[in-house]
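**Q** Provided below for reference: sequence and predicted model.
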Amino acid sequence: MRCRLHTLLFILTASYLCAADAQSHRALLEKYNAQVRELRQKGAVAEAEKAALAAVAEAERSGQQDVEVAKSWNNLGALYYDTGRYAEAETLFRRSAELWEKLVGPERAELGQGLNNLAVLYLRTGRLKEAEPIMLRVLVFREKSLPADHREVAESLNNLAELYRTEGRYSEAEPLFRRAIGIWEKSLGAEDPKTALGLNNLAVLLNAQGRPREAEPIFKRVLAIQEKVAGPDHPGVGSVLNNLAEVYFEEARYDEAEPLYLRALAIKEKALGPEHPDVATGLNNLASLYRKRQRNAAAEPLQHRALAIREKTLGPNHPETAASLNNLAELYLAEQRYADAEPLYRRALKIWEDAVGPEHPQVATALNNLALLLHMEGRDDESEAAYRRAIATWEKTAGPDHPAAATVLNNLAQVYAGQRQYAQAEALLQRAIAILEKAFGPDHLDLAKPLQNLAAIYQRESRCAAAEPLYRRALTIREKFPPPGPETAAIMESLAALYRTQGLNSEAEAWYERVIPLLETTVGPEHQEVAANLYSLAEMYRQDTRYDKAEPLYRRSLEILEKQQPDQGPALVSSLKNFAAMLRRMKRKTEAVALEAQAKAILQAQAFSPSHAH
C-alpha cells in the first residue's frame, strides 16, 4: 500500500480585456479581442489563436508600442499557455509585462495581469521560487490600488493559494482560497466560472489534506456550473471530472472513478491535442486506477506515454515528470522489477527535493516508495531511515492524522515485523488503522492491508483469537471491492494456516478449497502460489492419513514446481521428501525411493552450482 501522487493544476490565467480609451480603441481590435474571449471560453483554442494572431498583427501595424500591443501579446500568450506552449507563452507574457510597466508604471493595477500570468506560468512549469515574489508583488499593489473585494484581488489570492498548495503549505492556502471564493461569489455570483474555479481549487486542497468527504460535494457543484456555462466538452469540465474521479479513487470507488477518468481524458485530447500536459495527467491517473485493479498490462503503456509527454512539454526536471517517474516505478515494483524501479524512484525524489524542498508531501511520497523497494531487497537499515523521514515529513506538512502517514506507518511496521520486533510493529499498525478509520470510515479498502498485517503479527505470536477477527474483517472489506485478486487470496490463505495451526482442519480445508481456484484464476494455474497451497492442503491430508486426497495434490504441486526449476528448488525438495514419506507409509517403497533420489539429485546440483555476486 503506497501513497500515490497525482498532480493537477487548474488555475486562472485570464487574458486582460479591460476597456481602453475610446479614442484609441479601434473597432477591428475590439472585434478580434471579443472573438478571442468568446472562443477561449468555449475551449475552441485553434480558432481563438487565429483571432489572437490577427489582433497582434493589427496592434503592431501602427509601429507604436501602446496598451493595445501589450494586451494583444498577453492574450496570445494566454492561448499558448492553454495549449501547453509554455516557452512561447513566457516570451509574450514577459514582453507584455515589460511594456505595461513602461507605459503605466510599476505599481498600477493594469500591470497586474501581465505579471500574474507570468507567475502562473512559472507555477505551472515548476519554477516556484520565481513565481512567489511576483505573485506577492501583484497582490500587494492590487490591494493597494483596488477595493478589497475586487475580482482581481480574488484572482491574486487564488493564485497565491495555489502556489502554497503546490508547496504543501496547506494551512496557508486554505484561507486564501476561501477569501477569493467569497469575493467572486459576491461580485460575480454563485454560478460564475471564476467562482467555480475557486471552489475547484479549494476542493483539490481538501482532497490533498485527506478530506475527500468535504471535497466531493464541492466538485459536484463545480461540475454542474461548468457544464451549464461552458458545455459538456469544455476542457474545464474535463479538469473537474478528473478531480472528482480522484476523490472516488481515494475512497476506492473504482467503478465510479473509471468512467470519469475516461471522459476527462477524451475531452482533453479532443480540445488540447494528444501531447498536452493535461492529457498526461489523465493518462497517469487512469493508469493508476488500472494498477489498483491488477491491470498492469493496460497501465504500463499509459504511464510511458504520460512520461514522454511530460518530459517533452514540461522538461525532465519538472515535478509532474517526477510524478510519472514515481508511478512507473511503482508499476515495476509490483512486477518485482526492482532494478528498473530504483533509479526511477531516486530520480523522482531528486526532482521533488530540488523543486519544493526536502519537507514536502511529494518528497514524503517518494521516500515511502523508495523505502518499500529497499525493504523488498532486504536493505532494512536504509528502508527504516527513509520511512522515518517520510513519517516526519507527513506529520509536519499535513498533520499526524493524514491518511498518507498511515500508509508509511503500515510499511514501517513490516520492517519491524521482519525483524521480530512485534511490539513496535503492533503499535504502528494500530495507529495506522485508527488514522484510516477516522479519515474514511470502517470499511475503506486501504484498511484491509494494515488489518491483515496486524493479524499476521498476532498469528506469529500465537494470539490466534486476536488474529482471526482481523483477518475476517480484512477479507470482508476486500470482498466489497470486486473482482477478488491476489490480496484477497492471501487473506484466505492466512485464515487456512491459522485454523490449521489450531488443529481445526475442517475449517482450514474449506479455506484452501476457496483459495486455490481463486489463485488459479487471478495469477494462473501454474503459479508458485498455487503450488504452495496445493502442497499445504496435501500436507494436511497426509497428517490426517487421508492419503487418497493428498496424493493428487502432491503430484500437481510437483508438476508446477518442476517447471520452475531451479528457482523453486528448496520447495521442490521438501515436496518430494514429504510425498515420498507418505508413499512409504502406503507400502509403495519403489515409488518413494525414486522421489528421494530425485530430491538428492537436486540438492547435489545446488551444492555444485556456481555462486553469483550481487
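**A** Looks like it came in fine. Numbering: from 1, shown residues only.
**Q** going forward, measure contacts and count neighbours with C-alpha atoms only.
**A** Will do.
**Q** Tell me who's in contact with the nearest residue to Q294 once chain neighbours are set aside.
**A** Leaving aside its sequence neighbours, Q294 sits nearest to G485 (C-alpha to C-alpha, 6 or more residues apart in numbering; 7.5 Å). Taking C-alpha atoms under 8 Å, 6 or more residues apart in numbering as the contact definition, G485 lies against Q294, L518, L519, T522.
**Q** Okay, buried residues for the one helix or strand H375 maps to please.
**A** Assigned by DSSP states H and E, H375 falls within helix 361-376. The neighbour-count check on helix 361-376 (16 or more other C-alpha atoms under 10 Å) flags 361-375 as buried.
**Q** Rounded mean pLDDT for the helix or strand following that helix, please.
**A** With elements assigned by DSSP H and E, the helix or strand that comes after helix 361-376 is helix 380-398. For helix 380-398, mean pLDDT is 93.
**Q** Give the buried residues for whichever helix or strand comes after helix 380-398.
**A** Next helix or strand after helix 380-398 toward the C-terminus (DSSP H and E): helix 403-418. By neighbour count on 16+ other C-alpha under 10 Å, the buried set for helix 403-418 is 403-417.
**Q** what does the helix or strand just after helix 403-418 contact?
**A** Note on helix 403-418: by DSSP H and E, the next helix or strand toward the C-terminus is helix 422-440. With contacts defined as C-alpha under 8 Å, 6+ apart, helix 422-440 is touched by 210-211, 251, 401-403, 405-407, 409-410, 412-417, 442-444, 446-447, 450-451, 453-454, 457.
**Q** how does it look with 7 Å?
**A** 210, 401, 403, 406, 409-410, 413-414, 416-417, 447, 450, 454, 457 (C-alpha atoms under 7 Å, 6 or more residues apart in numbering).
**Q** Going by neighbour count, which residues in that helix are buried?
**A** For helix 422-440, by 16+ other C-alpha under 10 Å, it's 422, 425-426, 428-437, 439-440.
**Q** how about T83, what does it touch?
**A** L272, H276.
**Q** Next: A371.
**A** Taking C-alpha under 7 Å, 6+ apart, one finds S383, A386, Y387 in contact with A371.
**Q** Neighbour count and distance to A70 added to the residues you listed, as JSON lines?
**A** Listed next are the contacts of A371 as JSON lines, based on neighbours: other C-alpha atoms under 10 Å; distance: C-alpha to C-alpha, whole Å:
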{"residue": "S383", "neighbour count": "24", "distance to A70": "54"}
{"residue": "A386", "neighbour count": "22", "distance to A70": "50"}
{"residue": "Y387", "neighbour count": "27", "distance to A70": "51"}
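**Q** Go through these and say which is closest to K129.
**A** A386 (26.3 Å; C-alpha to C-alpha).
**Q** so A348 touches S324, yeah?
**A** No: counting by C-alpha atoms under 7 Å, A348 stays clear of S324, with 8.4 Å between them.
**Q** what sits in contact with each of these two?
**A** With C-alpha under 7 Å, 6+ apart, A348 and S324 have no common neighbours.
**Q** Quick check: the gap between L572 and I602.
**A** 9 Å (C-alpha to C-alpha, to the nearest Å).
**Q** Would you map the helices across the stretch 151-300 of the chain?
**A** 151-166, 170-188, 193-208, 212-230, 235-250, 254-272, 277-292, 296-313 (DSSP state H, counting those that start in this stretch).
**Q** starting at the chain centroid, how far to the third one?
**A** What separates the centre of helix 193-208 from the centre of its chain is 19 Å, taken as C-alpha atoms, centre = their mean, to the nearest Å.
**Q** Not counting the host helix or strand of A57 itself, show me its contacts.
**A** In the assignment (DSSP H and E), A57 maps to helix 45-60. With contact meaning C-alpha under 7 Å, 6+ apart, helix 45-60 is reached by 29, 32-33, 35-36, 39-40, 68-69, 72-73, 75-76, 79.
**Q** Most neighbours among those residues, which one?
**A** N75 (33 neighbours; other C-alpha atoms under 10 Å).
**Q** Got the confidence number for it?
**A** So N75 comes in at 87 (pLDDT).
**Q** ok, now A97?
**A** Reported pLDDT for A97: 87.
**Q** Likewise for K350?
**A** Looking at K350, its pLDDT stands at 96.
**Q** ok, now A19?
**A** Reported pLDDT for A19: 40.
**Q** now swap in E107 and tell me
**A** So E107 comes in at 64 (pLDDT).
**Q** and what of the one 4 residues further on?
**A** Reading off the confidence values, L111 has pLDDT 72.
**Q** Let me know the secondary structure of it.
**A** helix (DSSP: H, G, I helix; E, B strand; the rest coil).
**Q** What is the neighbour count of the nearest residue to it once chain neighbours are set aside?
**A** Leaving aside its sequence neighbours, L111 sits nearest to W100 (C-alpha to C-alpha, 6+ apart; 5.4 Å). Residues near W100, counting by other C-alpha under 10 Å, number 26.
**Q** same deal with A173?
**A** Residues contacting A173 under the criterion other C-alpha under 10 Å number 24.
**Q** For it, which non-adjacent residue is spatially closest?
**A** That would be A161: by C-alpha to C-alpha, 6+ apart, it lies 4.3 Å from A173.
**Q** contacting residues around that neighbour?
**A** Contacts of A161 (C-alpha under 7 Å, 6+ apart): A173, E174, L176, F177.
**Q** out of those residues, which is most surrounded?
**A** Result: F177 is most packed of the contacts of A161 (other C-alpha under 10 Å), 28 neighbours.
**Q** quick one: secondary structure of the residue nearest to Y547 when sequence neighbours are not counted?
**A** Leaving aside its chain neighbours, Y547 sits nearest to Y541 (6.4 Å; criterion: C-alpha to C-alpha, 6+ apart). Secondary structure, three-state DSSP: Y541 is helix.
**Q** do you know how far R151 is from G189?
**A** R151 sits at a distance of 11 Å from G189 (criterion: C-alpha to C-alpha).
**Q** Tell me which of these two has more neighbours.
**A** R151 (21 against 14).
**Q** check contacts around that one.
**A** I183, W184, S187.
**Q** what sits up against the helix or strand hosting L518?
**A** According to DSSP H and E, L518 maps onto helix 505-522. Contact with helix 505-522 is made by 485-486, 489, 492-493, 495-497, 499-500, 530, 533, 537, as judged by C-alpha under 7 Å, 6+ apart.
**Q** pLDDT-wise, what's the bottom of those residues?
**A** Where pLDDT dips furthest among the contacts of helix 505-522: G485, at 84.
**Q** what's the spacing between that one and D255?
**A** Distance from G485 to D255, by C-alpha to C-alpha: 16 Å.
**Q** Same question for S187.
**A** For S187 relative to D255 (C-alpha to C-alpha), the value is 39 Å.
**Q** follow-up on the earlier one: would you pull up how far the helix holding H375 lies from the middle of the chain?
**A** Counting by C-alpha atoms, centre = their mean, helix 361-376 comes out at 13 Å from the chain centroid.
**Q** number of nearby residues for Q113?
**A** 25.
**Q** quick one: it and H360, what's the gap?
**A** With the distance defined as C-alpha to C-alpha, Q113 ends up 29 Å from H360.
**Q** go on, P316?
**A** 20 Å.
**Q** circling back: return the subset of the contacts of helix 45-60 lying in helices.
**A** 29, 32-33, 35-36, 39-40, 68-69, 72-73, 75-76, 79 (DSSP state H).
**Q** can you tell me which of those lies nearest to I560?
**A** Using C-alpha to C-alpha, these come closest to I560 at L79, 60.0 Å.
**Q** tell me the contacts of that closest one?
**A** V45, E49 are the contacts of L79 under C-alpha under 7 Å, 6+ apart.
**Q** Kindly state the pLDDT recorded for it?
**A** pLDDT at L79 comes out at 86.
**Q** how much space between it and D548?
**A** 76 Å.
**Q** cool, E88 as well?
**A** Taken as C-alpha to C-alpha, the span from E88 to D548 is 77 Å.
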